[in-house]
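J.: structural data only, the sequence is not supplied:
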């Protein structure tokens, strides 16, 4: 499942990130394979989304979230 398809407040575990440049950017922000993420907010028009990673919240464009493969755990 793609990160962009998570439902509100759904928790998932990152499996993989496609794209070398994007994966490096997300790795630096703590989005690593095996890390838990939770969809916390969605902008009024659906883009961007806010996810919780560890102790902090970050925003991602849907196009970037589409490149993150996750497995739903809750």
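T.: Great, that's in hand. Keep in mind that what you see is a predicted model, and the values were worked out from it rather than measured.
J.: OK, contacts around the nearest residue to residue 4 once chain neighbours are set aside?
T.: In this structure, residue 4 finds its nearest non-sequential neighbour in residue 65, 3.9 Å apart by Cβ to Cβ, 6 or more residues apart in numbering. C-betas here are computed from N, CA, C, even on glycine. Residue 65 makes contact with 2, 3, 4, 49, 51, according to Cβ atoms under 8 Å, 6 or more residues apart in numbering.
J.: what's the spacing between residue 65 and residue 2?
T.: Using Cβ to Cβ, to the nearest Å, we find residue 65 at a distance of 7 Å from residue 2.
J.: one more: residue 9?
T.: In terms of Cβ to Cβ, residue 9 sits 17 Å off from residue 2.
J.: and these two? Which one has more around it.
T.: residue 2 (14 against 11; other Cβ atoms under 10 Å).
J.: distance check, the residue lying closest to the more buried one once chain neighbours are set aside against residue 55.
T.: Residue nearest to residue 2 in three dimensions, not counting chain neighbours: residue 66, with 5.4 Å by Cβ to Cβ, 6+ apart. Per Cβ to Cβ, residue 66 is found 25 Å from residue 55.
J.: quick one: which of the two has more around it?
T.: Between residue 66 and residue 55, counting by other Cβ under 10 Å, residue 66 is the more crowded of the two (14 against 6).
J.: tell me where this protein has strands.
T.: 11-17, 36-42, 49-53, 56-60, 68-72 (DSSP state E).
J.: mean confidence score for the second one?
T.: Here the mean pLDDT over strand 36-42 is 94, rounded to a whole number.
J.: and what of the last one?
T.: This predicted structure assigns strand 68-72 an average pLDDT of 95.
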